[in-house]
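1. okay, structure incoming, though there's no sequence with it:
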């Protein structure tokens, strides 16, 4: 049975990110929503990016604003260069700058390998990998232009790439998704190496099984939940707040010396649980 003991109960310090400006892509639902709200709780002003369902995005904005910070919803398809450029430019004009980019937007187009179409392959790579590249690139331009503002943060900027345990765990039937996340890992590490001398910190968060709409079939029935928990040594399925807490921590000056790291938030899924009894 999925234990609720140990589910995320922590209180985010309300001044941890005070004065910082954050943009979270794909933030109108799931992990992106929880992350945007978590950043707001930590004192950051937040732009909620979405590509569809403006009403949900505006609901997230209202919740973030209830914590006494500024929030706004921006529509943009992260796979489209002109839209990403316009989104970041608008944020800099309206919010003054950007300190945190959380490249979270992602999707799945699952199919057996021999049945996967080029369109399914390309769409996932366009959003999950190229979208992160474009968002990181545009944010970095502003980080470099502005530089470090010591009273705001030790770093000139922070980029969080939302990856997945499937950057290292193969996933049959999801070759496009797993390939995109493997690409995210190497992109993040390469950017971290290149940008660290500019005091720009690039890291990744790699969720395991999290209760979000994108993977509802994996946890929404007793049998599915039982099967999934066999892969999670910690014996509970993750919540979106688990990821939000990780992102907030990585964006704070408490983690200023963490550069080019992937934080796996997976209850131990990457520990090869099938070998716990000797294989």
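-> Right, received. Where do you want to start? Since the model is a prediction, treat every value here as computed from it, not as a measurement.

2. where does pLDDT dip in the stretch 51-200 of the chain?
-> By pLDDT under 70, the stretch 51-200 of the chain contains no weakly predicted segment.

3. what about the strands in it?
-> For the stretch 51-200 of the chain, applying DSSP state E, counting those that start in this stretch gives strands covering 71-75, 100-103, 157-162, 200-207.

4. do you know which of those lies nearest residue 192?
-> Using Cβ to Cβ as the criterion, the shortest distance between residue 192 and the strands of the stretch 51-200 of the chain is 4.0 Å, found for strand 200-207. Backbone N, C-alpha and C define where each C-beta goes, glycine included.

5. for stretch 118-138, buried residues please.
-> 120-121, 123-138 (16 or more other Cβ atoms under 10 Å).

6. rewinding a little: most tightly packed of the strands of the stretch 51-200 of the chain?
-> Comparing the strands of the stretch 51-200 of the chain by mean neighbour count (mean count of other Cβ atoms under 10 Å), strand 100-103 comes out on top with a mean of 31.

7. just checking: what are the partner strands of that one?
-> Strand partners for strand 100-103, identified by DSSP bridges, are recorded as strand 21-24 (parallel), strand 157-162 (parallel).

8. okay if I get these as CSV plus distance to residue 196?
-> Below are the strands paired with strand 100-103 laid out as CSV (distance: least, Cβ to Cβ, whole Å):
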stretch, distance to residue 196
strand 21-24, 20
strand 157-162, 11
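
9. between those strands, which one is nearest to residue 201?
-> strand 157-162 (5.0 Å).

10. run the chain-centre distance for stretch 81-94.
-> 19 Å (Cα atoms, centre = their mean, to the nearest Å).

11. what are the contacting residues of that stretch?
-> Around stretch 81-94, the neighbours that count as contacts under Cβ atoms under 8 Å, 6 or more residues apart in numbering are 21, 23, 47, 49, 72, 74, 76-78, 98, 131, 134-135, 138-139, 141-142.

12. please repeat the previous calculation with a cut-off of 10 Å.
-> Stretch 81-94 is contacted by residues 21-23, 25, 45, 47, 49, 51, 70, 72, 74-78, 80, 97-98, 101, 130-131, 133-142, 145-146 when judged by Cβ atoms under 10 Å, 6 or more residues apart in numbering.

13. the stretch 51-200 of the chain: helices as residue ranges?
-> Taking DSSP state H, counting those that start in this stretch as the criterion, the stretch 51-200 of the chain contains helices spanning 54-65, 81-95, 118-125, 131-146, 175-195.

14. got JSON lines for the ones you listed, with distance to residue 251 too?
-> Formatted as JSON lines, those follow (distance: least, Cβ to Cβ, whole Å):
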{"stretch": "helix 54-65", "distance to residue 251": "15"}
{"stretch": "helix 81-95", "distance to residue 251": "16"}
{"stretch": "helix 118-125", "distance to residue 251": "26"}
{"stretch": "helix 131-146", "distance to residue 251": "12"}
{"stretch": "helix 175-195", "distance to residue 251": "14"}
